[in-house]
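Trainee: Sequence first, then the predicted structure:
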Amino acid sequence: MEKTGRFTCIKKGLVGVCAAALLTGLCATPAFAALTEGNTATTGGVGTSEVTVKSDIQISATVPTTIPLTLNSSGFTAPTFTLDNTTVGYGIALKSVQITDVVDGNGLTIKEDDTAITEKNQIRLTVTDKTNTGDVKAVVKSTAATDLDWAIAGATDASTPGNLSVDMTVEKGEIDGTFLNKYSTAATKAFGIKWTVGF
């Protein structure tokens, strides 16, 4: 009986010590810990952790709301304008450009290649990268996007965006009254342009 009582006492003592250690975190295993293997006095334990990455960077950029074209005796004139990257710290690129939202009966047709313009009231719209080396030009299409990869530097801060300067030119064929009568009195929408930016 004495031996049994003593063993019970020792057992209780061991349990009490472990419980106290758990409260202080000495015996507890952290919820995030990985199981280690090969734990010996000479090599130590080995464990692995999987590192995951999720990007929360959101692209922020501005494009012109209106691009005015003017036709005079010398032909069309178009502005040079900028696309602004307001994504702080990260450069992006102009990935593509496309003519969209063509107004029915606008008096125009779009030439989508570099061959000679032979139809009346037909135009070819070209954009040029004026910021990066080489003044790269691209014909803008309506049936498909013109693929580009023109770099736009990241914004320095919220008030200092990175810029891409874009020059637009318009070539034309013979223009007749079908076009001139429609656009002679006031600036009138003919089509839209979709700019796509990304990393």
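Mentor: Received the coordinates, thanks.
Trainee: only C-alpha atoms for contact and neighbour calcs from this point on.
Mentor: Fine.
Trainee: For stretch 170-177, give the distance from the opening residue to the closing one.
Mentor: 19 Å (C-alpha to C-alpha, to the nearest Å).
Trainee: for this protein, what spans make up the strands?
Mentor: All strands of the chain, identified by DSSP state E, fall at 61-62, 70-72, 75-77, 80-85, 92-100, 109-110, 122-129, 137-139, 146-152, 162-172, 192-198.
Trainee: What average pLDDT does the fourth one get?
Mentor: Just to be clear, that refers to strand 80-85. For strand 80-85, the mean pLDDT works out to 96.
Trainee: and the angle for that strand with strand 192-198?
Mentor: 40 degrees (axes from the mean of the first three to the mean of the last three C-alpha atoms, to 10 degrees).
Trainee: closest to residue 181 out of the strands of the chain?
Mentor: Set against residue 181 and scored by C-alpha to C-alpha, the strands of the chain come closest in strand 70-72, at 12.4 Å.
Trainee: can you pull the buried residues of that closest one?
Mentor: Buried positions in strand 70-72, judged by neighbour count with 16 or more other C-alpha atoms under 10 Å: none.
Trainee: Output the contacting helices and strands for that strand.
Mentor: Applying 3 or more C-alpha pairs under 8 Å, 6 or more residues apart in numbering; DSSP states H and E, one finds that strand 70-72 contacts strand 75-77.
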